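Asker: I need the structure of the sequence given here:
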Amino acid sequence: MKGGILILLAVLGIVGFMGCNGYNGLVKQDESVKKAWNNVQTEYQNRADLVGNLVNTVKGAANFEQKTLTDVVEARAKATSIKLDANNLTPENMAQYQAAQSQLSGSLSRLLATVEAYPELKATQNFTQLQGQLEGIENNIKNSRKIFNEEINSYNTKVRSFPMNILGGMFGFKMKEGFKADEGSDKAPKVEF
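Answerer: Below is the predicted model:
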């Protein structure tokens, strides 16, 4: 009888230790996802901050098409108005967030393409510096999104794996959504001269 109780206590102790260790692992993964998400948001904020300077430089240097500038300003406002917490990374929230960021990217691309018609603007040092900074920020955004998706993958794998799926479910750990490619990006753009 005493031996059975000791064995039962030992088994319960091992299971308890494994449960605590598993829970702590889920918390660590969740915090890694949050950190990666904060890094993505930081890069998007850097871009949003730079857009105002870019638009003002373009306005000051050229008699520019107002609609293009308005589109950029409106897309920036929409992109910065959506606040998404790392705990709410649902497919719907991620799609809404990603759509707003894609709209800003598209507006910036149209702005930079339209600028080609203004050689005096392309020659200004401020515009050249801002354009270079914008390209760097876009690369940082891509890298941050890649790291975020890697963290999401690790987290989701852990949340879905047995026995963590049971333990995670008990403590409210749910799968999170990562970034997906924009619709139509699977088709190569057609370049014509």
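Asker: now the strands: where do they sit in the protein?
Answerer: Counting by DSSP state E, the chain has no strands to list.
Asker: how about low-confidence regions in it?
Answerer: 1, 6, 8-12, 14-21, 58-67, 115-127, 181-193 (pLDDT under 70).
Asker: so what's the residue count around the nearest residue to residue 45 once chain neighbours are set aside?
Answerer: With sequence-adjacent residues excluded and distances taken as CB to CB, 6 or more residues apart in numbering, residue 45 is closest to residue 80, at 7.5 Å. The way it works is simple: take the backbone N, C-alpha and C, and place the C-beta from them, glycine included. Number of residues near residue 80 (other CB atoms under 10 Å) recorded here: 17.
Asker: repeat for residue 84
Answerer: Using other CB under 10 Å: residue 84 sits among 17 other residues.
Asker: quick check: phi and psi at it.
Answerer: phi -120, psi 120 (degrees, to the nearest 10).
Asker: contacting residues around the spatially closest residue to residue 134 that is not a sequence neighbour?
Answerer: Spatial nearest neighbour of residue 134, excluding adjacent residues (CB to CB, 6+ apart): residue 50 at 5.8 Å. For residue 50, the contacting residues are 130, 133-134, 137, by CB atoms under 8 Å, 6 or more residues apart in numbering.
Asker: now the buried members of those.
Answerer: Buried by 16 or more other CB atoms under 10 Å: 130, 134, 137, out of the contacts of residue 50.
Asker: distance of the first one relative to residue 78?
Answerer: Using CB to CB, to the nearest Å, one gets 21 Å for the distance from residue 130 to residue 78.
Asker: same deal with the second one?
Answerer: Remark: distance between residue 134 and residue 78 (CB to CB) = 18 Å.
Asker: what of the last one?
Answerer: Summarising the geometry, the distance separating residue 137 from residue 78, computed by CB to CB, is 18 Å.
Asker: which of the residues in stretch 96-110 are buried?
Answerer: Residues of stretch 96-110 classed as buried: 97-98, 100-101, 103-105, 107-108, 110 (neighbour count, 16+ other CB under 10 Å).
Asker: give me the contacts around it.
Answerer: For stretch 96-110, using CB under 8 Å, 6+ apart, the contacting residues are 44, 47-48, 51, 54, 68, 71-72, 74-76, 78-79, 81-82, 84, 134, 138, 179-180, 182.
Asker: and what of stretch 70-78?
Answerer: Residues contacting stretch 70-78 (CB under 8 Å, 6+ apart): 48, 51-52, 54-55, 100, 103-104, 106-108, 110-111.
Asker: out of the residues you listed, flag the one nearest to residue 166.
Answerer: When the contacts of stretch 70-78 are compared for distance to residue 166 (CB to CB), residue 100 wins out at 36.5 Å.
Asker: where's the closest one relative to residue 82, distance?
Answerer: With CB to CB as the criterion, residue 100 and residue 82 are 5 Å apart.
Asker: name the nearest residue to residue 160, sequence neighbours excluded.
Answerer: Leaving aside its chain neighbours, residue 160 sits nearest to residue 175 (6.8 Å; criterion: CB to CB, 6+ apart).
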